[in-house]
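1. here is the input, now give the coordinates:
(one chain, ligands or ions: 1)
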Amino acid sequence: MKSPLITNKKILVAGGVGFLGTTLCKKLLATGNQVIALDNLYTGRQDNVALLQNYPEFSFINHDIIEPIDISADLIFNLACPASPPHYQRDPIFTTKTSVLGSLNLLELARTNNARILQASTSEVYGDPEQHPQTESYRGSVNPIGIRACYDEGKRCAESLFFDYHRMHGVAIKMIRIFNTYGPHMDPNDGRVVSNFIMQALSNEPLTMYGTGAQTRSFCFVDDLVDGIIAMMASPQEFTGPVNLGNPTEFNLLELAHMIIELTGSTSQLVFLPLPQDDPQQRKPDISLAREKLGWVPRVALREGLEKTIPYFAEFLGQQQQSSVNFFRSEQLI
Ligand code: UDP
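-> Residues are numbered from 1 along each chain as shown. You can find the predicted model right below:
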C-alpha cells in the first residue's frame, strides 16, 4: 500500500459533514489522523455525522464559521459554504458572510496556531468564462451584481484574504479551485444537475433540463477530487496555488441526461425549462498545473462514476419509500 500523504495530524475540517467534507474526513480518518468537523448543518447532513461517528478519532462540533472559534489544529480545510445554486441563492447575504467572515475567522485561527490552511475555492471565480478551457491565470468573467455573485464574489474575496494573510502574516496557505463534482454523500435534494437527474430518472419522472442542454460541464468523481485536495494540502509549502481540480472531459447536458437514463434503465423523458440567469455556457478545467505540481489526474470516467453513484441515490429512495410504507401502516393501526 502507498504510504499516506497525511498522517498523525490534528485536522479541522470546516464543512466537514457536507458532500465533499464527508469523503475527505473518511479518507483522513482512514490514514491515522484525528479529525474535528465543524459544520452548521445548513447543507451538511446529520446522516453524515452519524456515519463519521463510527470512527473513534472523529468529533463533530455544530458551529457556524461566521462566528470566531478557538481550537488547536495542525491543518485546516475550509470547505464550509453552500455550493449548489438553489442553496447558495436561498440566503445570498448569509452565503457571502460564510465565505468572507468564515475565511477571516479560520485564517486568524491558522495564524495563531501556526497551522497550514486550505481554501476550497471554485471554478465559479471564472464566471461565464470567455477562455476555454480555463487556466488558473484566467481572471474570469463574473457578473458582480447577478444572482450568482454572492457565491462567486464571496469566493473571490476569500481568495484575496488568503493571499493577503500569506503576504502579511506568512500564513501557509493552499488554494484549490474545484470544478463540478458528484458522487456518494451528495444531498439527494442538493438541486444540482447530477443529483436532480439521477433522482428524477430513478423515479421515472421527467428530467428537468434548463435551457437547451447544449451548455457544458466537466464532471469529476468525488474520490478523485478528494485525492487532489489531500495531495494539495501535502504538497511543498511554497506551492500555494491556486490550482484547478476537476475532470477535464467535457459533456453537454443532453449527453449527461441520456447517459443517466440509460444507466438507470429509466422511462423518463426530458422537460425543457428556462435557463437560470448568468448560467455559465461552458466549463472545463485545464489541469496541467495539478498534473505537474501534484502528479494528480482524475481516474474515474463519467460513466463509471455514475455507476458508483446511482446505487447511493437508489438506496436513499428505497429508505424513503420504506419509511412512507411504515408511516402508512402505523396510521392504519391507529
Ligand atoms: N441544470 C439543469 N437541470 C437541473 C439542474 C441544473 O439543466 O435540474 C443545469 C444548470 O442550469 C447548469 C448545469 O445544469 O447549466 C449545471 O448546474 P449545477 O447546478 O449542477 O452546477 P453549476 O455548474 O451551475 O454550479
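2. element containing residue 21?
-> helix 19-30 (DSSP states H and E).
3. list the strands paired with the following helix or strand past that helix, with their directions.
-> Following helix 19-30 in sequence order, the next helix or strand is strand 34-39 (DSSP H and E). Here strand 34-39 has these sheet partners by DSSP bridges: strand 10-14 (parallel), strand 58-62 (parallel).
4. name the residues that touch strand 34-39?
-> With C-beta atoms under 8 Å, 6 or more residues apart in numbering as the contact definition, strand 34-39 has outside contacts at 9-18, 21, 25, 28-29, 49, 52, 55, 57-63, 65, 69, 71, 73, 80. Where C-beta positions appear, they are placed from N, C-alpha and C, glycine not excepted.
5. list buried residues within the residues you listed.
-> Buried by 16 or more other C-beta atoms under 10 Å: 9-18, 21, 25, 28-29, 49, 52, 55, 57-58, 60, 63, 65, 73, 80, out of those.
6. now check stretch 148-160, is it near the ligand?
-> No. Against the ligand, stretch 148-160 shows no contacts by C-beta under 6 Å from any ligand atom, the least distance being 8.0 Å.
7. contacts for that stretch, please.
-> 78, 81-83, 85, 88-89, 92-93, 95-96, 98-100, 102-103, 119, 121-122, 124-125, 127, 140, 142-144, 175, 242, 277-278.
8. report the buried residues of it.
-> 148-156, 158-159.
9. and for stretch 265-277?
-> By neighbour count with 16+ other C-beta under 10 Å, stretch 265-277 contains the buried residues 266, 268, 270.
10. same thing with stretch 164-175?
-> Result for stretch 164-175 [16+ other C-beta under 10 Å]: buried residues 165-166, 171-175.
11. before we move on, the earlier item: in CSV: the buried residues of stretch 265-277, plus pLDDT, secondary structure and distance to the ligand.
-> Formatted as CSV, these follow (pLDDT from 0 to 100; DSSP: H, G, I helix; E, B strand; the rest coil; distance: C-beta to the nearest ligand atom, whole Å):
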residue, pLDDT, secondary structure, distance to the ligand
266, 97, coil, 15
268, 98, coil, 12
270, 98, strand, 9
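12. what's the pLDDT at residue 328?
-> pLDDT for residue 328: 52.
13. ignore what I typed, I meant residue 334.
-> 45.
14. shouldn't residue 242 be in contact with residue 174?
-> No. The criterion here is C-beta atoms under 8 Å, and residue 242 misses it with residue 174 at 9.2 Å.
15. apart from its neighbours in sequence, what residue is nearest residue 220?
-> Nearest-residue entry for residue 220: residue 247, 3.9 Å, with adjacent residues in sequence omitted and distances by C-beta to C-beta, 6 or more residues apart in numbering.
16. can you pull the contacts of that neighbour?
-> Residue 247 touches 179, 218-221, 224, 285, 298, 300, 302, counting by C-beta under 8 Å, 6+ apart.
17. tell me the secondary structure at it.
-> coil (DSSP: H, G, I helix; E, B strand; the rest coil).
18. list the buried ones in stretch 218-226?
-> Using 16+ other C-beta under 10 Å as the test for burial, stretch 218-226 gives 218-226.
19. and which of these is nearest residue 45?
-> Distance to residue 45 across the buried residues of stretch 218-226 (C-beta to C-beta) is lowest for residue 222, with 14.5 Å.
20. residues contacting the closest residue to that closest one other than its chain neighbours?
-> Closest residue in space to residue 222, ignoring its immediate chain neighbours: residue 183 at 3.1 Å, by C-beta to C-beta, 6+ apart. Taking C-beta under 8 Å, 6+ apart, we find residue 183 in contact with 19, 23, 221-223, 305, 308-309, 312.
21. quick one, phi psi at the residue lying closest to residue 234 once chain neighbours are set aside?
-> Nearest residue to residue 234, sequence neighbours excluded (C-beta to C-beta, 6+ apart): residue 5, at 3.8 Å. The phi and psi values for residue 5, taken as degrees, to the nearest 10, are phi -70, psi -30.
22. please apply the same query to the one 10 residues further on.
-> Its backbone dihedrals place residue 15 at phi 80, psi 30, with angles given as degrees, to the nearest 10.
23. wait, it touches residue 81, no?
-> Yes. Using C-beta under 8 Å, residue 15 makes contact with residue 81 at a distance of 6.8 Å.
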